[in-house]
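1. Return a 3D structure for these sequence lines:
(3 chains)
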Amino acid sequence: MISSLGYLAVGGALLLSVVGAVAAFAAMGGRPQLAPWARRAVYGVFALATLAILLMAVALVAHDFSVSYVAQVGSRSTPLFYTVISLWSSLDGSILFWGWILAGYSAAVVYIHRDRYQDLMPAVTGTLLIVSAFFWLLLAWPANPFVPTWQAFGLAPGQVPADGPGPNPLLQNHPFMGLHPPLLYLGYVGLTVPFAFGIAALLSGKVSGDWIRAVRLWTMAPWIFLTAGIVSGAWWSYEVLGWGGYWAWDPVENASFLPWLTATAFLHSIMVQERRQTLKMWNILLVIATFLLTLFGTFLTRSGILASVHAFVEGLIGPFFLGFITLVLIVSLALVAWRSDELKSEPALDAIASRETAFLFNNLLLVAFTFTVLLGTVYPLVAEAIRGVKVSVGAPYFNRMSVPIALGLVLLAGIGPALPWRRGSPDLLAKKFLWPTVAALLSGVVFWVFGARNFLTWLTLVFSVLAVALLIGEFWRPARARREAHGEGLGRALLAVVSKNRRRYGGYVVHFGIVIIAVGIALSSTYRREREFTLGIGEAATFAGYTVRLDSLYAGREPQRDFVEAAFSVGGDGGFSDTMRPRLNYYPTSQQPIGTPRVRTRPDADLYLSLMAYDRTGASATVNIIVNPMVVWIWIGGAIAALGALLAISNAGSGADRSRRAAAPSVRRAKPAEAGVGGDD
Amino acid sequence: MSLKKLLIPATAIPIVALLAYGLTRDPNMIESPLPGHEAFDFTSATLDGDTLSLADLRGKVVVINFWASWCIACIDEHQVFVEAERYYAGQDFQMLGVVYQDTPENARRWMARRGGNWPSVIDPSSRIAIDYGVYGVPETYFIDKGGWIQHKQIGPVNTLLMRDLVDRLLAESPGTEVTSTGALEGGVPTGRSAGHTGDAAGQAAGSDTQEGQP
Amino acid sequence: MATRITLFLLLLAVSPAVEGSGFAFAQETQEAAATMPAEDPELEAQVRRIAAKLRCPTCRALSVQDSPSGMAQEMRSLIREQLLAGKTPAEVEAYFVERYGEWILLEPKAEGFNWAVWLLPVFLLLGGLAFVLITARRWVREGQARAAALVKEGQEGEL
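-> So this is what the prediction gives:
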């Protein structure tokens, strides 16, 4: 029953995507009366996608094992929460989820812009529907989650298994699984929208102006999700995998990071085009690269070409994705070549020490970062193709190569905002840079004296102080000016300054977040300490200023698993203050125990306990104690960055920026800004 | 469109070619550097309580199989060895197991249940496994009469491969130096690595797992 | 939360269900870990440095240093043993490369074709820096020239 309805929904969505795409491109090619029909097709796809995903959710919750996906990931003993989120815990379901999110974004785009961007929207709609058609094709054929179980599993016709294995144990071991994948998908899939605008700009030949304005919001929103998705993924692996780290430079982690880097570069470089009508070609290339990198990342996970923590099972999916990547690459590059004359820009730079130049360097660093991570990720393939030898490229390579680039980005996070557009008077620059430089130098001495002897870590700290001081100056100076002008309190003045130009100050808040993340990563990776202890009951170990005592060791049973748990009293020098209970979970589907570490988070350092082994009589347990300084600041920095970006787009549509722009002494020959996506930066 | 402009979409070719090449490769099939190398000697206790030294088996074709009772792919493969032991009885052939990351009791129970009369040595601190560059189980090494490693199989061995390799190695006279490994591997269907698993805690730490990440 | 029962009872209940369940396995690891030698900071630092460069064979994405797997633990203690026996770090690495191939090194060796993976990013970054600086200077010059021309034509107001 659900299978048949699912087939109908998936097939309908595929058909509507194709028909709608045809209508959209016909509308662009001189039959504008078809444009509303293309729009209706998008709404129709969204309705069918919603139906499909609801059907799957119902099948999962109702344990309808006649549906093959449910038979793969469902189990009667799995708690409801993990049953619902197993919607995206395996290949076919995750692609269904992807198709639904894409349909949602598409419907939002065509609805919000239904009366605007008449030149662009038909091509935007058409592009979105083509991408959508590809995913519904996957769902109709190689990744169909609705296939009846007996067909997929080769059972007797109509036969239904009584129960299923449940989701992969690792994926039902922590509630973050309910958060991290959806965030990541919302980011990944959302980046289709700016790509669609880029293609529309190329097709229509309107390569400056509208598309750049429209695309900012549609890049910022996925960027926020992607940032939150990456940080929550790092947090998830930290809380679950038991080795006390949060980033292993696994191919799939890299795959989520690559489009983040190019999207970040794009968000900066479109400001230059907005202001100075330049970098047109560059922006188009960045938006294409970003979308391709999301496809590439999906290809990596779905095709099994690189050994990875996250690899899904292989199958026909790989060739399908490769075909689609090839299509996207060739069509978009051909369009770029076709429009290359229109994409030429006039040089527009007034001084080297200007915001524009800072953006150029920012883009250079981000693109070099992207290239490095991409090269390292695919190098094993290159080496195998050319040398015939399997090699590995792992954390030591990526750390060594990325730290200098990341340092440059931290530096620019402060310097960029302090440099004015066009040119700044030397006086102003001296004033802006004097105190932050003094503060950075002083802090450098202090850090050295207090024992920060790792040069790169020390440099990260010094650059961070400089960046933070410069950023504070950007808030402080206008707030002070306003206080003097209006006689307000400082807090009130600051609030007024920020809320009047949320786009700019939201961006600076993001920079604070990024600098905090950099500090967290530098300190936690340099000063991490770990050691393994085997303790008898009542026995205590002292390590790195912490005391850990094994109080008891016991086993238990939950509906979906058995577990062995050890209770430790932990504390600093002054006695015990907390109890931590790391455990090993035993799932029926997994021959091996799944460790569940426990983390005690403090602002200065995390105490991280992993139960490694235990004595069968219950007399002793082996625990790995990890002391991870400042890790929590990575999550806090991620939250600050996401909130800052939210602030930056919070008044999109209110028109506040428009009035500000009119009053601003901008020399640009700008058209009146579109409500919603105008504003300063 | 001018020729110069055609160069822009042409940049797609190497990228697509590389990814297409990637689709044809299995990342888990890692070519071992060991074939052609002299077999590393070891002396260890067997499951039956004897002591066994690899050097004592010189002059025989030795098939060393790394296995564990928790390894699912080892179950089917085991029958291949049981059959081979019967088939090559009376010839210069010796089957030898190495228990990988497992307890002797579990291993003993497994052998009792699944048959086979060959010795299995225990490898309590995985030194033999590391010496042989084992990635996981099952993995199988084919040693010729002269004590040289001739082939490494990652993943389960099938009867065809077993017969082909062992027949050739038995046909050689002892003392022949490193034979043509290439020739040996040439016509032999190498099994895919499906079902080849790493060790226990490695899985717990997130080895061959799925995750809902794009 | 589950009811607490004694470990012994649970083991009786669970063990026969799964042949070779992880319970027994975990105990094996425990025995190995119990023989941990006293810590020599210098030696341990050296072990960590080497282990961080080797890829854990059973977990693929992690280094031998970071992996909590049994195999990685044994490799760490083997590294320690070999260092204590007087091998140099390079010899220890060579031992692993001989058995596992280049695959086990998490950083490709800087030699031959592998130089590409090390040098291309550096070339891109340095070339990019030079390109951006040169272009920026040219743009500034051209901009000034254009502005000067505009002043001449008396069209400054349009800017």
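
2. Output the below-cut-off pLDDT ranges for chain B.
-> Applying pLDDT under 70 to chain B flags the ranges B:1, B:173-214.

3. how about the strands in it?
-> B:43-45, B:51-53, B:61-67, B:93-99, B:120-122, B:139-143, B:149-154 (DSSP state E).

4. Equivalent analysis for chain A, please.
-> Under DSSP E, chain A gives strands at A:529-536, A:540-543, A:546-558, A:561-571, A:578-580, A:583-586, A:594-596, A:598-600, A:605-614, A:620-629.

5. Contacts only, for A:Gly187.
-> Neighbouring residues of A:Gly187 by Cβ atoms under 8 Å, 6 or more residues apart in numbering or on different chains: A:222-230, A:260. To be clear about C-beta, it is placed using only N, CA and C from the backbone, and glycine gets the same treatment.

6. Now mean neighbour count and distance to A:Asn624 too, for the strands of chain B, in a markdown table please.
-> As requested, the strands of chain B are arranged in a markdown table below (neighbours: other Cβ atoms under 10 Å in any protein chain shown; distance: least, Cβ to Cβ, whole Å):
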| stretch | mean neighbour count | distance to A:Asn624 |
| --- | --- | --- |
| strand B:43-45 | 15 | 28 |
| strand B:51-53 | 13 | 34 |
| strand B:61-67 | 25 | 26 |
| strand B:93-99 | 23 | 25 |
| strand B:120-122 | 21 | 25 |
| strand B:139-143 | 25 | 28 |
| strand B:149-154 | 24 | 30 |
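
7. domain parsing for chain A?
-> Domain ranges of chain A: A:1-167, A:168-348, A:529-632, A:651-681, per automatic domain parsing.

8. most packed of those?
-> domain A:168-348 (a mean of 22; mean count of other Cβ atoms under 10 Å in any protein chain shown).

9. Any idea how far apart the tips of that domain sit?
-> Distance across domain A:168-348, first residue to last, is 55 Å (Cα to Cα, to the nearest Å).

10. Tell me how far it lies from the chain's centre.
-> Chain-centre distance of domain A:168-348: 9 Å, with Cα atoms, centre = their mean, to the nearest Å.

11. So A:Val468 sits against A:Gly513, correct?
-> No. If you go by Cβ atoms under 8 Å, A:Val468 and A:Gly513 don't touch, sitting 11.2 Å apart.

12. Could you report the pLDDT at C:Ala34?
-> pLDDT for C:Ala34: 39.

13. Next, name the residue at the spatial heart of the chain.
-> Using chain A here. Centrality entry for chain A: nearest residue to the mean C-alpha point is A:Leu226, 2.2 Å, by Cα atoms, centre = their mean.

14. nope, chain B please
-> Short answer for chain B (Cα atoms, centre = their mean): B:Glu139, at 2.5 Å.

15. Spatially nearest residue to that one (excluding sequence neighbours)?
-> B:Phe66 (4.8 Å; Cβ to Cβ, 6 or more residues apart in numbering or on different chains).

16. that older thread, quick one, what contacts the residue nearest to the centre of chain B?
-> So B:Glu139 contacts B:65-66, B:132, B:152-155, B:196 (Cβ under 8 Å, 6+ apart).

17. C:Tyr100: which of the residues you listed is nearest?
-> Top of the list for closeness to C:Tyr100, among those and by Cβ to Cβ, is B:Tyr132 at 9.7 Å.

18. is it true that that closest one touches B:Tyr141?
-> Yes. B:Tyr132 is within contact range of B:Tyr141, at 6.3 Å (criterion: Cβ under 8 Å).

19. Now the common contact residues for these two.
-> B:34, B:64.

20. for chain B, what's the longest helix?
-> helix B:73-87 (DSSP state H).

21. dump the residue contacts of A:Ile101.
-> Here A:Ile101 is in contact with A:185-186, A:189-190 (criterion: Cβ under 8 Å, 6+ apart).

22. let's go with 10 Å and repeat that
-> A:49, A:53, A:135, A:182, A:185-190, A:192, A:225 (Cβ atoms under 10 Å, 6 or more residues apart in numbering or on different chains).

23. between those residues, which is nearest A:Lys344?
-> Closest to A:Lys344, out of all of these and judged by Cβ to Cβ, is A:Thr192, at 27.3 Å.

24. nearest spatial neighbour of that closest one, skipping sequence neighbours?
-> Closest to A:Thr192 by Cβ to Cβ, 6+ apart is A:Val131, at 5.4 Å.

25. my guess is the one you found meets A:Ser332, correct?
-> No. Using Cβ atoms under 10 Å, A:Val131 makes no contact with A:Ser332, being 11.9 Å away.

26. and for the two, which residues touch both?
-> Taking Cβ under 10 Å, 6+ apart as the criterion, A:Val131 and A:Ser332 both touch A:195, A:199, A:291.

27. Output these as JSON lines; include the columns distance to chain C and pLDDT.
-> Shown next, in JSON lines, are the shared contacts of A:Val131 and A:Ser332 (distance: Cβ to the nearest Cβ, whole Å; pLDDT from 0 to 100):
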{"residue": "A:Phe195", "distance to chain C": "24", "pLDDT": "98"}
{"residue": "A:Ile199", "distance to chain C": "27", "pLDDT": "97"}
{"residue": "A:Phe291", "distance to chain C": "22", "pLDDT": "98"}
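
28. Would you convert those into TSV that also reports distance to A:Ala107?
-> Shown next, in TSV, are the shared contacts of A:Val131 and A:Ser332 (distance: Cβ to Cβ, whole Å):
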residue	distance to A:Ala107
A:Phe195	17
A:Ile199	19
A:Phe291	19
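
29. Out of the residues you listed, which comes closest to chain B?
-> A:Phe291 (12.8 Å; Cβ to the nearest Cβ).

30. Do I have it right that the closest one meets A:Ile199?
-> Yes. Counting by Cβ under 10 Å, A:Phe291 touches A:Ile199, with 9.1 Å between them.

31. what do the two both touch?
-> A:127, A:131, A:328, A:332.

32. if I look at the last one, how far off is A:Met121?
-> Note on A:Ser332: its distance to A:Met121, by Cβ to Cβ, to the nearest Å, is 19 Å.

33. And for A:Ser443, the neighbour number?
-> When neighbours are counted by other Cβ atoms under 10 Å in any protein chain shown, A:Ser443 registers 19.

34. In chain C, where is pLDDT below threshold?
-> Looking at chain C by pLDDT under 70, you get C:1-39, C:60, C:154-159.

35. so what are the domain limits for it?
-> Split by automatic domain parsing, chain C gives C:21-107, C:109-159.

36. Save these as TSV, and put in mean neighbour count and distance to chain A too.
-> Shown next, in TSV, are the domains of chain C (neighbours: other Cβ atoms under 10 Å in any protein chain shown; distance: least, Cβ to the nearest Cβ, whole Å):
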stretch	mean neighbour count	distance to chain A
domain C:21-107	20	3
domain C:109-159	13	4
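
37. Of all these, which one is nearest chain B?
-> Judging the domains of chain C by Cβ to the nearest Cβ, what sits closest to chain B is domain C:21-107, at 2.9 Å.

38. Does chain B have contacts with stretch A:521-535?
-> No. Counting by Cβ under 10 Å from any Cβ of the partner chain, chain B is not contacted by stretch A:521-535; separation bottoms out at 12.3 Å.

39. buried sites along stretch A:518-530?
-> Residues of stretch A:518-530 classed as buried by neighbour count (16 or more other Cβ atoms under 10 Å in any protein chain shown): A:518-528, A:530.
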